[in-house]
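S.K.: Provided below are the primary sequence and the corresponding predicted coordinates.
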Amino acid sequence: MNEIEKIIDQLQRSFKKDSWSGPSLQEVLADVAADLAAARPIENAHTIWEIVLHVAAWKGVVRQRIEGKPVRIPEEGDWPPVTDISKSPWRKTLAFLEQRHDELVKVVRSLSDNRLEDILITEHSRETGGGVSCYITLHGIIQHDLYHAGQIALLKKALMK
């Protein structure tokens with residue numbers, strides 16, 4: 001297995017199933033209904049729905065950077081707003097997240113290992129993840145999924161009280 005294949009394996013584990021650290025992003029979202037996704041159990045914290053839109057937005061940024069576009073923040077914003085909290089838009093949000101993930105995996109599949117050291121955006125910024133290699137960026141988006149899966153798990157527990 002080459003390095004790109006290993007990274008794709010980790011992308012899939014963090015998003016779909018078999019994450020080493022606990023539930024993947026999709027596993028933690030599997031039983032979340034629209035009303036739960038829109039609830040704010042912790043004042044001044046993001047909702048599950050907001051987190052899902054944020055994760056989808058950044059998956060899009062990483063894909064665009066790999067494609068050579070110097071994107072600093074998502075076109076839709078770092079934390080895109082939730083405008084309709086009914087069931088159909090929630091299903092569309094989950095489908096959008098999966099679409100963004102699949103698009104990212106497709107672009108990563110097209111890479112060769114020698115692209116992993118390429119710097120994807122020259123401006124170094126912790127807030128935007130810029131100024132680091134493709135390798136670091138890809139591992140970062142994997143970590144991003146798991147970080148937010150953990151947040152969602154805690155929000156779900158807070159909502160079950």
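M.R.: In hand now; what should we look at?
S.K.: give the contact list for residue 66.
M.R.: Residues near residue 66 by CB atoms under 8 Å, 6 or more residues apart in numbering: 104, 107-108, 111, 120, 134, 137. No exception for glycine: its C-beta is placed from N, CA and C like everyone else's.
S.K.: which of the residues you listed tops the neighbour count?
M.R.: residue 120 (25 neighbours; other CB atoms under 10 Å).
S.K.: Name all residues that make contact with it.
M.R.: Contacts of residue 120 (CB under 8 Å, 6+ apart): 65-66, 130, 132-134, 137.
S.K.: could you redo the last one with a cut-off of 6 Å?
M.R.: 65, 134, 137 (CB atoms under 6 Å, 6 or more residues apart in numbering).
S.K.: And for it, nearest residue in space, chain neighbours not counted?
M.R.: Excluding the flanking residues, the one nearest residue 120 by CB to CB, 6 or more residues apart in numbering is residue 65, at 4.0 Å.
S.K.: what about the one you found, neighbour count?
M.R.: If we define neighbours as other CB under 10 Å, then residue 65 has 22 of them.
S.K.: next one: residue 12
M.R.: Other residues close to residue 12 by other CB under 10 Å number 16.
S.K.: Could you do the one 3 residues further on as well?
M.R.: Burial of residue 15 is recorded as 25 neighbouring residues (other CB under 10 Å).
S.K.: and the contacts of residue 66, which of them are in helices?
M.R.: 104, 107-108, 134, 137 (DSSP state H).
S.K.: In a markdown table, list the residues you listed along with distance to residue 54 and pLDDT.
M.R.: Below are those laid out as a markdown table (distance: CB to CB, whole Å; pLDDT from 0 to 100):
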| residue | distance to residue 54 | pLDDT |
| --- | --- | --- |
| 104 | 15 | 98 |
| 107 | 20 | 98 |
| 108 | 20 | 98 |
| 134 | 22 | 95 |
| 137 | 17 | 95 |
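S.K.: Now tabulate those residues in a markdown table and tack on distance to residue 93.
M.R.: A markdown table is the format used below for the ones in helices among the contacts of residue 66 (distance: CB to CB, whole Å):
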| residue | distance to residue 93 |
| --- | --- |
| 104 | 17 |
| 107 | 22 |
| 108 | 23 |
| 134 | 28 |
| 137 | 24 |
